[in-house]
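Enquirer: Structure for this input, please:
(one chain, ligands or ions: 1)
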Amino acid sequence: MHLPKTLALALALLPVLASAQQKQANYDEAAIPPYTLPELLISASGAKIETSDQWATLRRPEILALFEQHVFGKAPAQWGKVAYETLSVNNHALGGKAVRKIVRISLVDYPQWQGMELMLHLPKQGTKPVPCFVGASFGGNEAVTPDSDLPLSTRWMRPGKDNGVEQNRSTDKTRGTEKERWQLELAISEGFAVATYYCGDVEPDHAEGWKTGLRAFLSKAGPETQWKEGDWGAIGAWAWGLSRIADFLQAEPAVDPKKLTVIGHSRLGKTALWAGAQDTRFRIVISNNSGEGGAALMRRNIGETTASITKAFPHWFTKTYSNYSGNESSCPIDSHMLVALAAPRTVYIASAEEDRWADPKGEFLAGFHAQPVFALFGKNGYGVAEQPPLNAPVGETLRYHIRTGKHDITRYDWEQYLRGARSEFGL
Ligand code: GTR
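Expert: The predicted structure is shown next:
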């Protein structure tokens, strides 16, 4: 399908708008207006939360509902029967080190939706079920793997500087363009499986993408749907996709379903946080440079703001979220609460020095201010009161690092995540 000209133009202008917004943003700590974070440990009725039980039964459900209502929207409760179809198995993937399966996950009652193509890389040796990373990718499976034998995805792709996408479609030049971001060989060599899917299989990442995505297909009105305040956005839909992978992995004999880690970078880091908040099967939640709408505190007006994100990417969130543009203090949540929703499971937040747009300090502080909830469970948090120096990871159940370099997910980041996961899973 070709996009209408106006939409194609708007998409072409997005990078220009984004870089203009990034240049004009505030980067001065001293210019952040004073703020007070919403209370984590006082319930809506004013009750003090003093035990892990009170947190789990009273406060956690309240906060989850607030995030649905004000930020990400509420996912539908039902989608009928799910079908799994193995499309291919390659026993010699990654130079013979891995087995790679491609499995289509689709919905029996919603055949209009083409489904999502899960790509699962498994270590070759060993008989014991292995822990598994689960994440969404920016491009098709052919972008993630360094192997060149996969058919190219035929779905809509967002053009990027170096992703080989032409006329919104993958080309042979797209192959392997995300391989640095997905350190498959490293993970496999340490005994981990990695499950990925292209986020655009669930919903193409542009303002009109929902019309050809899961959100429209699950709604009775289809592409005529009028999105109301509180309805789910693209991040909610992408997070739904991650949970469908977790479903599949419950019955995959090569994977230990009790050792799942959800991971994501940037917009897909926001997605990982939201998936981890809702789906407790994810034992570790990794936010890599997730920034505004992810780990960064929204009340810190520095770098990207609620106003800029909801203007550039209105489709990521529920409509209600944009009401807090320039008015963050009236929002009943902030990102420390999103991190706290994962307690007592492990959360790893990572920033990059040059990624000022994502507000590294705000990302650090979200974990810092979530610590009281982890403490209710007897869990140790960062173990430090200040953002640590560059390339010096800290923490236990709450982990953090800031590395040198720009907005990205790198081998260094993966090395730290793997170390965290080994310690969490006692490996
Ligand atoms: C930026 C956006 C960020 C971040 C990033 C990405 O343009 O402003 O919130 O999510 O995209 O996903 O790479």
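
Enquirer: contacts and neighbour counts: CA atoms only from here.
Expert: Will do.

Enquirer: in the stretch 51-200 of the chain, what residue is nearest the ligand?
Expert: F138 (8.6 Å; Cα to the nearest ligand atom).

Enquirer: Tell me, how many residues neighbour that residue?
Expert: Using other Cα atoms under 10 Å, F138 is surrounded by 21 other residues.

Enquirer: tell me the contacts of the closest residue to the ligand within the stretch 201-350 of the chain?
Expert: Nearest to the ligand, among the residues of the stretch 201-350 of the chain, is R267, at 3.6 Å (Cα to the nearest ligand atom). Residues in contact with R267 (Cα atoms under 8 Å, 6 or more residues apart in numbering) are I235, S290, G294.

Enquirer: That one and K258, how far apart?
Expert: Separation of R267 from K258 (Cα to Cα, to the nearest Å) stands at 26 Å.

Enquirer: Then G276?
Expert: Applying Cα to Cα, the value for G276 to K258 is 14 Å.

Enquirer: Neighbour count for the two, which is higher?
Expert: Set side by side, G276 and K258 show more neighbours around G276, with 31 against 15, by other Cα under 10 Å.

Enquirer: Check for me that the more buried one belongs to a helix.
Expert: Yes: read with DSSP: H, G, I helix; E, B strand; the rest coil, G276 is one of the residues of a helix.

Enquirer: any idea which helix or strand carries the nearest residue to E328 once chain neighbours are set aside?
Expert: Nearest residue to E328, sequence neighbours excluded (Cα to Cα, 6 or more residues apart in numbering): R299, at 5.7 Å. In this assignment (DSSP states H and E), R299 forms part of neither any helix nor any strand.

Enquirer: right, and R299 touches Y35 too?
Expert: Yes: if you go by Cα atoms under 8 Å, R299 and Y35 touch, sitting 6.4 Å apart.

Enquirer: Looking at those two now, which is surrounded by more residues?
Expert: Shown here are R299 and Y35; by other Cα under 10 Å, R299 has more neighbours (25 against 11).

Enquirer: bridging residues for I102?
Expert: S88, M119 (DSSP bridges).

Enquirer: thinking again about what came up before, any idea how far W182 is from the residue of the stretch 51-200 of the chain closest to the ligand?
Expert: Distance, F138 to W182, by Cα to Cα: 11 Å.

Enquirer: Kindly list the main-chain dihedrals of A56?
Expert: Dihedral angles of A56 (phi, psi; degrees, to the nearest 10) stand at phi -70, psi -40.

Enquirer: Oops, could you answer that again for H401 instead?
Expert: According to degrees, to the nearest 10, H401 has phi -150, psi 160.

Enquirer: what is the rounded mean pLDDT of the helix or strand containing P372?
Expert: Assigned by DSSP H and E, P372 falls within helix 360-376. The average of the pLDDT scores along helix 360-376 is 98.

Enquirer: Pull it out as PDB, backbone CA atoms only.
Expert: The C-alpha trace of helix 360-376 is given here as PDB (Å, rounded to 0.1, in the frame of the first residue of the first chain):
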ATOM      1  CA  PRO A 360      20.300  10.300  31.400                       C
ATOM      2  CA  LYS A 361      20.000  11.800  34.900                       C
ATOM      3  CA  GLY A 362      16.200  11.600  34.800                       C
ATOM      4  CA  GLU A 363      16.500   7.900  33.800                       C
ATOM      5  CA  PHE A 364      18.800   7.300  36.700                       C
ATOM      6  CA  LEU A 365      16.500   9.100  39.100                       C
ATOM      7  CA  ALA A 366      13.400   7.100  38.100                       C
ATOM      8  CA  GLY A 367      15.100   3.900  39.400                       C
ATOM      9  CA  PHE A 368      16.400   5.800  42.400                       C
ATOM     10  CA  HIS A 369      13.000   7.000  43.500                       C
ATOM     11  CA  ALA A 370      11.500   3.500  42.800                       C
ATOM     12  CA  GLN A 371      13.800   2.000  45.500                       C
ATOM     13  CA  PRO A 372      11.300   2.200  48.400                       C
ATOM     14  CA  VAL A 373       9.100  -0.300  46.700                       C
ATOM     15  CA  PHE A 374      12.000  -2.700  46.100                       C
ATOM     16  CA  ALA A 375      12.900  -2.200  49.800                       C
ATOM     17  CA  LEU A 376       9.400  -3.400  50.900                       C
END
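
Enquirer: That helix: what's the following helix or strand?
Expert: Per DSSP H and E, the first helix or strand lying C-terminal to helix 360-376 is strand 394-395.

Enquirer: Any chance you could list what contacts that next one?
Expert: Here strand 394-395 has contacts from N380, G381, Y382, G383, V384, P388, Y400, H401, using Cα under 8 Å, 6+ apart.

Enquirer: For those residues, which single residue is the most surrounded?
Expert: Each of the contacts of strand 394-395 was scored for neighbours by other Cα under 10 Å, and Y400 scores highest at 30 neighbours.

Enquirer: Please pull up the helix or strand immediately following the helix or strand bottoming out on mean pLDDT in the chain.
Expert: Lowest mean confidence among the helices and strands of the chain (mean pLDDT, DSSP states H and E): helix 5-24, at a mean of 75. Per DSSP H and E, the first helix or strand lying C-terminal to helix 5-24 is helix 52-54.

Enquirer: can you pull the buried residues of that following helix?
Expert: S52, Q54 (16 or more other Cα atoms under 10 Å).

Enquirer: what does stretch 228-235 give?
Expert: E229, G230, D231, W232, G233, A234, I235.

Enquirer: Same check on stretch 38-51?
Expert: P38, L40, L41, S43, I49.

Enquirer: ok now do the second one, which residues does it touch?
Expert: L40 sits next to M337, A370, V373 when contact means Cα under 8 Å, 6+ apart.

Enquirer: In three-state terms, how would the first one be classified?
Expert: Remark: M337 carries the secondary structure label helix [criterion: three-state DSSP].

Enquirer: hang on, the earlier thing: would you list the contacts of strand 394-395 in CSV and tack on distance to the ligand and pLDDT?
Expert: Formatted as CSV, the contacts of strand 394-395 follow (distance: Cα to the nearest ligand atom, whole Å; pLDDT from 0 to 100):
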residue, distance to the ligand, pLDDT
N380, 29, 96
G381, 25, 96
Y382, 24, 98
G383, 28, 97
V384, 27, 98
P388, 23, 98
Y400, 19, 98
H401, 18, 99
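
Enquirer: Alright, I will stop here.
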